[in-house]
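Colleague: Below is the sequence, then the predicted model.
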Amino acid sequence: MSQNMVNLAVRFLLELAALYAFGLCGWSQRTDFWRYLLMIGMPLIAATLWGVFRVPGDASASGNAVVAVQGWVRLLFEISFFTFATYCFFATGLQNAGWVFGIITLIHFILSYDRILWLLRLK
């Protein structure tokens, strides 16, 4: 189910929404010059980490892993990534967006059970 085109599209949109949440959270944390750096830096760092630390042979990602990690490490990173994005929505006062994002993410992970099991079996 994790390779279903609709599920992959939802995952991509969740990733984009998470990056938006990081930028929005960075913007809302400060009122001085640092807000610009946080607004750009938080999503940039998150996207870089997302693309660098990957599992070799992951069908949901294209290309080779820059830094190969074990499956459980990648799963923990993904859960942390989406959990922090949900937190960012709540921290910026967008409670409805936080709930919607969190619920859709949870449904996505449930529907991607085959990928989660694959990640947990990797050594």
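Modeller: Here it is on my side, so go on.

Colleague: Can you list the low-confidence ranges for this structure?
Modeller: The model of the chain has pLDDT under 70 over residues 1-2, 59-63, 123.

Colleague: ok, residue 108 - contacts?
Modeller: Residues in contact with residue 108 (Cβ atoms under 8 Å, 6 or more residues apart in numbering) are 7, 10-11, 14. C-beta: built from backbone N, CA, C; applies to glycine.

Colleague: Tell me the one of those residues nearest residue 97?
Modeller: The closest of the contacts of residue 108 to residue 97 turns out to be residue 14 (Cβ to Cβ; 12.3 Å).

Colleague: And for the closest one, nearest residue in space, chain neighbours not counted?
Modeller: Nearest residue to residue 14, sequence neighbours excluded (Cβ to Cβ, 6 or more residues apart in numbering): residue 105, at 5.8 Å.

Colleague: most neighbours, which of the contacts of residue 108?
Modeller: Using other Cβ atoms under 10 Å as the neighbour criterion, residue 11 leads these with 21 neighbours.

Colleague: just to revisit the earlier point, distance of the residue nearest to residue 14 relative to residue 43?
Modeller: To residue 43, residue 105 is 17 Å away according to Cβ to Cβ, to the nearest Å.
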